[in-house]
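**Q** Next one to model:
(one chain, ligands or ions: 1)
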Amino acid sequence: MQQDHCVIIGGSHAAAQLVSSLRLNKWEGKITIVSADAFLPYHRPPLSKSYLSGEKILDEIMIRPPTFYERSDIEVILGTRVTAVDRANKKVHLDNQTDIPYTKLVFTTGAKVRKITIPGHNLPGVFYLRDLNDVDHIREYLGHAKKAVIIGGGYIGLETAAALRSLDMDVTVLEALPRVLQRVTAPEVSAFYSRVHSEEGVKILTNAAVESIDGKYKVESVTTADGQVIPADLVVVGIGVIPDVELAEQAGLKVDNGLVVDEFARTNDHDILGAGDCTNHYNPIYDIQLRLESVQNATDQSRVAANTICGKLEPYRALPWFWSDQYDLKLQIAGLSQGFDQVVVRGSTETGRSFAAFYYKEGRLIAVDAINRPKEFMACKRALAEQKTANPEMVADESVDIQEAFQL
Ligand SMILES: Cc1cc2nc3c(=O)[nH]c(=O)nc-3n(C[C@H](O)[C@H](O)[C@H](O)COP(=O)(O)OP(=O)(O)OC[C@H]3O[C@@H](n4cnc5c(N)ncnc54)[C@H](O)[C@@H]3O)c2cc1C
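**A** Residues are numbered from 1 along each chain as shown. So this is what the prediction gives:
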């Protein structure tokens, strides 16, 4: 009989959790990670924060030490891509022209950056920020740069702006929509972030669609559709990511804004599973099909996938949560705010740097954005997981203890 062999495509957050959970579950088969990245799995969040600013080095952002993989008997093939999946013969083909047989295959291929295609997009000095190499290249370039333009006012763009400000660069953020973080937060939260960035010396231009990146041999400026020319010697593009699912699609797996997996992380081929940013899955708490880009989802879904592989069918039922660090602001988000029709703010968004915004939909609490408010975050996270709600007036009233407001 063929020996059990779990092959994992991709070597990041989801893969690192998966292999660890497989061994914890006493999976005795062979485990191989095939990773296009040149490094063992590392934490991506610091890339736009403490690693970019130089506060942390590679050793400090590794998810597990190299000895973990040796000790746990996990084969890791770095700097190598899986180029085809042969489902009929249960093997994967690698770009070094070798084949690896599998009994279980897991896609943890994540997401890749959305590219900008305007004139000048290929000029030296234009960067994206997804992996360690990207940041190393930006850091090398920083020696030649004083003025940075960030294209995109989402979390990655704003975190990058904060990190570059800490290096004393002149930073401008260009956001095509009317406000930063528009897709993910309430207007009050966007206004708060615009205020803080401006207090920290970042210039934010909204309704600023970028028309071209200009320069003779390298980046010299960025031009917006309304004719503004912003001098720049470094441009970082942060306009979102798309799920990396071409390989899955070629293998005939069901793909629809991500690799479609069931509550046990299985694709339409039950010997092939998926976890992390690449998947489209069902969330029973919100009763929606969705794709998440978060460490929480990558790790929780990988635990479910590992259980499934080991024969323990336990459905995925995790509350989404996320964080973002900028300057002295620790934003913690629990739940999904999409579709909210009421926002209740506890504290002030107009002064200071600490408040919580609670999102409601049809009278039901659905999410919180807590800035330097760990107590509110924890209380709300628990309430959401238990599908409890709370009276908006009590939540807004700072004299009422937050635990009491949620009746926890
Ligand atoms: C700069 C930055 C900051 C972030 N900050 C936060 C944060 O503060 N909080 C938070 O919760 N999340 C944050 N995220 C998101 C978080 O990092 C992702 O949700 C997480 O990395 C997803 O992990 P993953 O394993 O699913 O996929 P990924 O991390 O995308 O990794 C997938 C890997 O698979 C590899 N791969 C793809 N195809 C193949 C193939 N055919 N063969 C071999 N390898 C392949 C890719 O090269 C990649 O290395 C941040 C992300 C970035 C980039």
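**Q** Report the beta-bridge partner residues of the residue lying closest to residue 19 once chain neighbours are set aside.
**A** Leaving aside its sequence neighbours, residue 19 sits nearest to residue 74 (Cβ to Cβ, 6 or more residues apart in numbering; 5.0 Å). To be clear about C-beta, it is placed using only N, CA and C from the backbone, and glycine gets the same treatment. Beta-bridge pairing for residue 74 (DSSP bridges): residue 31.
**Q** Next, the contact list for residue 74, please.
**A** Applying Cβ atoms under 8 Å, 6 or more residues apart in numbering to residue 74 gives the contacts 19, 23, 31-33, 68.
**Q** again with residue 230
**A** Per Cβ under 8 Å, 6+ apart, neighbours of residue 230: 149, 172, 174, 205, 221-224.
**Q** any idea whether it is helix, strand or coil?
**A** strand (DSSP: H, G, I helix; E, B strand; the rest coil).
**Q** And the pLDDT for it?
**A** Among the per-residue scores, residue 230 holds a pLDDT of 98.
**Q** For the ligand, what is the nearest residue in the stretch 301-408 of the chain?
**A** Closest contact between the stretch 301-408 of the chain and the ligand, by Cβ to the nearest ligand atom, is at residue 322 (4.6 Å).
**Q** likewise the stretch 201-350 of the chain?
**A** residue 276 (2.1 Å).
**Q** Helices of the stretch 301-408 of the chain, residue ranges please.
**A** Per DSSP state H, counting those that start in this stretch, the stretch 301-408 of the chain carries helices over the ranges 374-385, 392-396, 402-405.
**Q** Could you do the stretch 151-300 of the chain as well?
**A** Using DSSP H, counting those that start in this stretch, the helices of the stretch 151-300 of the chain run over 155-166, 187-199, 246-250, 295-309.
**Q** Let me have those in CSV, adding mean neighbour count as columns.
**A** Below are the helices of the stretch 151-300 of the chain laid out as CSV (neighbours: other Cβ atoms under 10 Å):
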stretch, mean neighbour count
helix 155-166, 25
helix 187-199, 19
helix 246-250, 16
helix 295-309, 24
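**Q** which one of the ones you listed lies closest to residue 179?
**A** Closest of these to residue 179 is helix 187-199, at 4.0 Å (criterion: Cβ to Cβ).
**Q** Rounded mean pLDDT for the closest one, please.
**A** On average, the pLDDT along helix 187-199 is 98.
**Q** hmm, back to that, dig out what the residue of the stretch 301-408 of the chain closest to the ligand forms beta bridges with.
**A** Residues in beta-bridge contact with residue 322 (DSSP bridges): residue 333.
**Q** Would you mind finding the most buried of the helices of the stretch 301-408 of the chain?
**A** Neighbour counts (mean count of other Cβ atoms under 10 Å) averaged over each of these peak at helix 374-385, with a mean of 20.
**Q** and it with the ligand, contact?
**A** No. Helix 374-385 is not in contact with the ligand by Cβ under 6 Å from any ligand atom; minimum separation 13.6 Å.
**Q** And that helix, how far out from the chain middle?
**A** 21 Å (Cα atoms, centre = their mean, to the nearest Å).
**Q** likewise stretch 362-373?
**A** With Cα atoms, centre = their mean, you get 20 Å for stretch 362-373.
**Q** For that stretch, give the mean pLDDT please.
**A** Mean per-residue pLDDT for stretch 362-373: 97.
**Q** ok so, going back, pLDDT wise, what is the residue nearest to residue 19 at?
**A** So, for residue 74, pLDDT stands at 98.
**Q** what's the answer for the one 3 residues further on, then?
**A** For residue 77, the pLDDT comes out at 98.
**Q** What of residue 293?
**A** In this model, residue 293 is scored at 97, pLDDT.
**Q** give the contact list for whichever residue of the stretch 1-150 of the chain sits closest to the ligand.
**A** Residue nearest to the ligand within the stretch 1-150 of the chain (Cβ to the nearest ligand atom): residue 110, separated by 2.0 Å. Counting by Cβ under 8 Å, 6+ apart, residue 110 touches 10, 12, 14, 243-244, 276-278, 298.
**Q** need the contact list for the closest residue to residue 5 other than its chain neighbours.
**A** Leaving aside its chain neighbours, residue 5 sits nearest to residue 30 (4.3 Å; criterion: Cβ to Cβ, 6+ apart). Neighbour list for residue 30: 3-6, 75 [criterion: Cβ under 8 Å, 6+ apart].
**Q** Make a PyMOL selection of the buried ones in these.
**A** With 16 or more other Cβ atoms under 10 Å as the criterion, this PyMOL line picks the buried residues out of those:
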select buried, resi 5+6
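**Q** The ligand next: which of the contacts of residue 30 are close?
**A** Counting by Cβ under 6 Å from any ligand atom, no member of the contacts of residue 30 is near the ligand.
**Q** Tell me which of the contacts of residue 30 fall in helices.
**A** Of those, none are assigned to helices by DSSP state H.
**Q** Quick one: the contacts of residue 30 as a markdown table, columns for distance to residue 101 too.
**A** Below are these laid out as a markdown table (distance: Cβ to Cβ, whole Å):
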| residue | distance to residue 101 |
| --- | --- |
| 3 | 9 |
| 4 | 11 |
| 5 | 6 |
| 6 | 11 |
| 75 | 13 |
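**Q** Give me the subset of the contacts of residue 30 lying in strands.
**A** Mapping the contacts of residue 30 onto strands (DSSP state E) picks out 5-6, 75.
**Q** Looking at the contacts of residue 110, which is nearest residue 257?
**A** Comparing these against residue 257 with Cβ to Cβ places residue 243 closest, at 6.9 Å.
**Q** I'd guessed that closest one sits against residue 113; true?
**A** No. In this structure residue 243 lies outside contact range of residue 113 using Cβ atoms under 8 Å: 11.7 Å.
**Q** Those two - which one has more neighbours?
**A** When residue 243 and residue 113 are compared on other Cβ atoms under 10 Å, the one with more neighbours turns out to be residue 243, at 24 against 17.
**Q** what's the nearest residue to that one if we skip its chain neighbours?
**A** residue 258 (4.3 Å).
**Q** pLDDT at the one you found, what is it?
**A** So residue 258 comes in at 98 (pLDDT).
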